[in-house]
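K.L.:
Take a look and give me a structure for this.
(2 chains)
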Amino acid sequence: MSHIHIQDGVLSIWLIIIGYLLIGLYLIFLFFNKKKFIANKKIALVGVISALMLITMTVEIIPPAYHMNMAVLSGIVLGPVLSILAIFVANIILAFLGHGGISVIALNTIVVSIEAILGFWGFKLLNSKVKNIFISVFLATFLALFASAWISAGVVYLGTNGVESPFHNHEHAIETVHEHSSVEHHNANSVSNHNAIDFNLGRFLFAILSLGIFGWVIEAVITAFMLKYIKQVKPDIIEYDISPGIE
Amino acid sequence: MKIIDLDYYAIYGNSWLHKMPAQYKLITAFLVLVSVLFIYNYAVLGFIYILLLAIILFSDLPKVKILLLSLYPLLFITLYLFSIDNLTYNLTLLMIFKVLSTATTFVLLIFTTTYIEIFKKLDKFLPSFLVSVLFLTYRSIFILWTIFENLQLTLHIRGKLQLSRPVYSLRLLGNAFGHLLIRAIKVSEDMYECMMIRGYSGNLRYLRK
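P.N.:
You can find the predicted model right below:
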């Protein structure tokens, strides 16, 4: 799992709001730097890279759970600033397909964008140290995917840390209607609920890491072959002196 | 499921849902989303889901395709529920209905409304450059999909992917996607030139009905 399509109704509202605030700030930044980032030929490239991400997502490496997303590639081609826009757009379109929730588009974007940014910087750093492009892309992609899985798990943990609380409130509402007199019984119940229902981060991490590791290796190898091919055929795409999108 | 197939159903479908104005469908979808976010009663959410299933059943839509696509989020929720200690029956139902209600609503929306219509409505709330990128992405999907299909055919004819030769197959896939990226960049350059000829200055202009 390079990234998890977190669904609606799972995460807390406060986290969803923070996600949208961060994306809102990013859009404001883009709006005020429109000439630098948007009103040039990169706008078309952002659209095309978003479309490319959506198309590669249809290629399932391990059906039906794991597909590629090319976030690292978008980071390398577009640079950190514009890759976020491409990922945001791809997530909006995907959310309408039930692939990740509408309310969590911003959070899903942030998780995948971190993957793209880490991939971009990882590639820049490794490419200057390691002469073999295959190795530098493989390592940059694998590490970015690995990191994004941890960030995904962290987001789910943060958003569901109080998984019992909304559920408990609902039980409380039912009890108020049906069991007015049993306050003591309710208190005893609420304590047991707090102890009983809890999100187990360790188990969640175990699940996504064990499911994801095979897919990450494959995605990293494909991305590495891809960039090796691009270096041979059209090297100017990746051999920029100044980082695209951050000049 | 391919976005191109969905687009076909959205454009050429003739059900009563297709005839309904896009803004009403978007408002309904938004109301379902708000319900999912704020309601913690699995019975209410279950009722909403059954209502959505009834809509699918009594409309002239590809029922199996919609259901299959809307069930995809169950993968995530299974992983999530697996990670909860002492999982209760109520919480399981609550989470499943939350996820299925929104997924079914939006899949239903996209099967009956084109992305173009949705983007046009979103234009009132989102920054214009974002809507421009949405339009460009939508347009690019169709161009790149044609290139991708040709590539798949080429791969099939000249060197099929083989499980017995994993490195060869991965290299083939990598080269194919690399080629697709190069073509994609060329497409973006052509597209930008067209936009400039048509007077692009930071905003895409289109006719409103």
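K.L.:
rest of the way, CA atoms for contacts and neighbours
P.N.:
OK.
K.L.:
need the helix or strand of chain A with the lowest average pLDDT.
P.N.:
The weakest-scoring helix or strand in chain A, judged by mean pLDDT, DSSP states H and E, is helix A:183-196 (a mean of 45).
K.L.:
Please see if the lengthiest helix in chain A touches chain B.
P.N.:
Counting residues, the longest helix found in chain A (DSSP state H) is helix A:201-233. Yes: counting by C-alpha under 8 Å from any C-alpha of the partner chain, chain B has neighbours in helix A:201-233: A:201, A:203-204, A:207, A:218, A:221-227, A:229-230.
K.L.:
Name only those of the residues you listed that count as buried.
P.N.:
Listed as buried from the residues of helix A:201-233 next to chain B are A:201, A:203-204, A:207, A:218, A:221-227, A:229-230; burial here means 16 or more other C-alpha atoms under 10 Å in any protein chain shown.
K.L.:
show me the residues around residue A:147 that make contact.
P.N.:
Neighbouring residues of residue A:147 by C-alpha atoms under 8 Å, 6 or more residues apart in numbering or on different chains: residue A:115.
K.L.:
name the element it belongs to?
P.N.:
helix A:133-160 (DSSP states H and E).
K.L.:
one step back: make JSON lines from the buried ones among the residues of helix A:201-233 next to chain B and add pLDDT to it.
P.N.:
Output for these, formatted as JSON lines (pLDDT from 0 to 100):
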{"residue": "A:201", "pLDDT": "83"}
{"residue": "A:203", "pLDDT": "86"}
{"residue": "A:204", "pLDDT": "85"}
{"residue": "A:207", "pLDDT": "84"}
{"residue": "A:218", "pLDDT": "89"}
{"residue": "A:221", "pLDDT": "94"}
{"residue": "A:222", "pLDDT": "92"}
{"residue": "A:223", "pLDDT": "93"}
{"residue": "A:224", "pLDDT": "94"}
{"residue": "A:225", "pLDDT": "94"}
{"residue": "A:226", "pLDDT": "92"}
{"residue": "A:227", "pLDDT": "92"}
{"residue": "A:229", "pLDDT": "92"}
{"residue": "A:230", "pLDDT": "91"}
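K.L.:
what's the angle from the host helix or strand of residue A:73 to helix A:133-160?
P.N.:
Assigned by DSSP H and E, residue A:73 belongs to helix A:71-95. Following axes from the mean of the first three to the mean of the last three C-alpha atoms, to 10 degrees, one obtains 40 degrees for the angle between helix A:71-95 and helix A:133-160.
K.L.:
helices or strands up against helix A:71-95?
P.N.:
Packed against helix A:71-95 by the contact rule (3 or more C-alpha pairs under 8 Å, 6 or more residues apart in numbering or on different chains; DSSP states H and E) you find helix A:42-56, helix A:105-129, helix B:128-158.
K.L.:
how about the ones you listed in JSON lines, adding distance to residue A:11?
P.N.:
Shown next, in JSON lines, are the helices and strands packed on helix A:71-95 (distance: least, C-alpha to C-alpha, whole Å):
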{"stretch": "helix A:42-56", "distance to residue A:11": "25"}
{"stretch": "helix A:105-129", "distance to residue A:11": "10"}
{"stretch": "helix B:128-158", "distance to residue A:11": "26"}
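K.L.:
Buried deepest among those helices, which one?
P.N.:
Each of the helices and strands packed on helix A:71-95 was assessed for mean neighbour count using mean count of other C-alpha atoms under 10 Å in any protein chain shown. The highest is helix A:42-56, with a mean of 26.
K.L.:
other SSEs contacting it?
P.N.:
Contact analysis of helix A:42-56 by 3+ C-alpha pairs under 8 Å, 6+ apart lists helix A:71-95, helix B:128-158, helix B:166-197 as its packing neighbours.
K.L.:
about what we covered before: nearest to residue B:32, out of the helices and strands packed on helix A:71-95?
P.N.:
Nearest of the helices and strands packed on helix A:71-95 to residue B:32, taken as C-alpha to C-alpha: helix A:105-129 at 16.4 Å.
K.L.:
Packing partners of that closest one?
P.N.:
Packing partners of helix A:105-129 (3+ C-alpha pairs under 8 Å, 6+ apart): helix A:13-32, helix A:71-95, helix A:133-160.
K.L.:
Present the buried ones among the residues of helix A:201-233 next to chain B as CSV; the columns should include distance to residue B:119.
P.N.:
CSV is the format used below for these (distance: C-alpha to C-alpha, whole Å):
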residue, distance to residue B:119
A:201, 37
A:203, 39
A:204, 36
A:207, 36
A:218, 35
A:221, 36
A:222, 33
A:223, 31
A:224, 35
A:225, 36
A:226, 32
A:227, 33
A:229, 36
A:230, 33
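K.L.:
Just name the closest of these to residue B:150, please.
P.N.:
For these, the residue nearest residue B:150 by C-alpha to C-alpha is residue A:226; the value is 17.7 Å.
K.L.:
how close does residue B:133 get to chain A?
P.N.:
Between residue B:133 and chain A the computed distance is 5 Å (C-alpha to the nearest C-alpha, to the nearest Å).
K.L.:
Poorly predicted segments of the chain, please.
P.N.:
Picked chain A for this. Across chain A, the ranges flagged by pLDDT under 70 are A:1-4, A:39, A:60-65, A:161-197, A:239-247.
K.L.:
Chain B, not that one
P.N.:
For chain B, applying pLDDT under 70 flags the ranges B:1, B:202, B:204-209.
K.L.:
Isn't residue A:8 up against residue A:100?
P.N.:
Yes: with contact defined as C-alpha atoms under 8 Å, residue A:8 counts as touching residue A:100 (7.5 Å).
K.L.:
More neighbours: which of those two?
P.N.:
Each of residue A:8 and residue A:100 has its neighbours counted (other C-alpha atoms under 10 Å in any protein chain shown); residue A:8 has more, 28 against 25.
K.L.:
Secondary structure class of that one, three-state.
P.N.:
coil (DSSP: H, G, I helix; E, B strand; the rest coil).
K.L.:
residues touching it, list them.
P.N.:
Residue A:8 touches A:100, A:101, A:102, A:103, A:104, B:33, B:36, B:37, B:98, B:99, B:102, counting by C-alpha under 8 Å, 6+ apart.
K.L.:
Give me the buried entries from those.
P.N.:
Using 16+ other C-alpha under 10 Å as the burial test, those include A:100, A:101, A:102, A:103, A:104, B:33, B:36, B:37, B:98, B:99, B:102 as buried.
K.L.:
that older thread, tell me the most buried of the helices and strands packed on helix A:105-129?
P.N.:
Comparing those by mean neighbour count (mean count of other C-alpha under 10 Å), helix A:71-95 ranks first with a mean of 26.
K.L.:
and that one, how far from the chain's centre?
P.N.:
On the basis of C-alpha atoms, centre = their mean, to the nearest Å, helix A:71-95 is displaced by 10 Å from the centre of the chain it belongs to.
K.L.:
what residues does it touch?
P.N.:
Outside helix A:71-95, the residues within contact range by C-alpha under 8 Å, 6+ apart are A:37, A:45-47, A:49-51, A:53-54, A:100-102, A:105-106, A:108-110, A:112-113, A:115-120, A:123, A:141, A:144, A:223, A:237-238, A:243-246, B:106, B:130, B:133-134, B:137.
K.L.:
residues contacting residue 137?
P.N.:
Using chain A here. By C-alpha under 8 Å, 6+ apart, the neighbours of residue A:137 are A:123, A:126, A:127, A:220, A:223, A:224, A:227.
K.L.:
wrong one, chain B
P.N.:
Contacts of residue B:137 (C-alpha under 8 Å, 6+ apart): A:46, A:47, A:48, A:49, A:50, A:51, A:89.
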